[in-house]
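Give the three-dimensional model of this entry:
(2 chains)
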Amino acid sequence: AQSVTQLDSHVSVSEGTPVLLRCNYSSSYSPSLFWYVQHPNKGLQLLLKYTSAATLVKGINGFEAEFKKSETSFHLTKPSAHMSDAAEYFCVVSEANYGGSQGNLIFGKGTKLSVKP
Amino acid sequence: DAGITQSPRHKVTETGTPVTLRCHQTENHRYMYWYRQDPGHGLRLIHYSYGVKDTDKGEVSDGYSVSRSKTEDFLLTLESATSSQTSVYFCAISESWSGQNRNTIYFGEGSWLTVV
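From the prediction side, this is the model:
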């Protein structure tokens, strides 16, 4: 069965410092992994996705994530935080070969990122 | 941005009344979904559709029904609203499973529902 654990519910960084949002997953099949961002009172926007191509995935707004199968991790990073990065981030897993609910995504509980001036 | 429109965006209703949320897409995507978002739970799938008149239950389907009579519209109905259904509801869409966009799901802006 699929599951996703976001290891921090809140992360606070100063503007210009690196961002690390941690995500571990469990999947019986070859997973697809995603990071979505949600700004207050908005929908979810896709940041990046891993679908078994390169293990280092680059996304929008300078974010990237590395798929590490041995560690079952998919941590999100950014070298330098900007005030506009303050939002909630969701790590998501989908089993590509899952024969049941096609397209069912399993969401982590989210990490709220605060960026201090 | 994916062409997804949810209506209404905000609604307050009384316990026991029926409520219908509408999702309209202009992308001609096959798959459509309804999720609810609650603090501490992330997003959870209520129902999804894999074609016109083809729907199935998700993780938290009790108390909800859906209908899809056209490719572009997916309706979520709360037959008799309860306070536990106070939530933010997100519609989402995705293409078929082939191609570079396999598995990518795009979300609407959300519908805030309060049941008093």
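
measure A:Ser26 to A:Tyr36 for me?
Taking CB to CB, to the nearest Å as the measure, A:Ser26 and A:Tyr36 are separated by 19 Å. For glycine as for every other residue, the C-beta is placed from the backbone atoms N, C-alpha and C.

With chain B in mind, check whether stretch A:41-56 reaches it.
Yes. Contact between stretch A:41-56 and chain B is present through A:Asn41, A:Lys42, A:Gly43, A:Leu44, A:Gln45, A:Leu46, A:Lys49, A:Thr51 (criterion: CB under 8 Å from any CB of the partner chain).

which of those count as buried?
A:Gly43, A:Leu44, A:Gln45, A:Leu46, A:Lys49, A:Thr51 (16 or more other CB atoms under 10 Å in any protein chain shown).

and these, which of them are in strands?
Within these, residues falling in strands by DSSP state E are A:Leu44, A:Gln45, A:Leu46, A:Lys49.

for the buried ones among the residues of stretch A:41-56 next to chain B, which one is nearest B:Thr17?
The shortest gap between B:Thr17 and any of these belongs to A:Gly43, at 25.9 Å (CB to CB).

Longest strand in chain B, please.
From DSSP E, the single longest strand across chain B is strand B:42-51.

what pairs with it, and is each one parallel or antiparallel?
Partner strands for strand B:42-51, per DSSP bridges, with pairing direction: strand B:31-38 (antiparallel), strand B:54-57 (antiparallel).

For stretch A:52-63, give the mean pLDDT please.
Across stretch A:52-63, pLDDT averages out at 89.

Tell me the buried residues in it?
Neighbour counts using 16+ other CB under 10 Å place A:Val57, A:Gly59, A:Phe63 of stretch A:52-63 among the buried residues.

how far out from the middle of the chain is the helix or strand hosting B:His24?
Under the criterion DSSP states H and E, the helix or strand holding B:His24 is strand B:19-25. Its chain's C-alpha centre lies 7 Å from the corresponding centre of strand B:19-25 when counted by CA atoms, centre = their mean, to the nearest Å.
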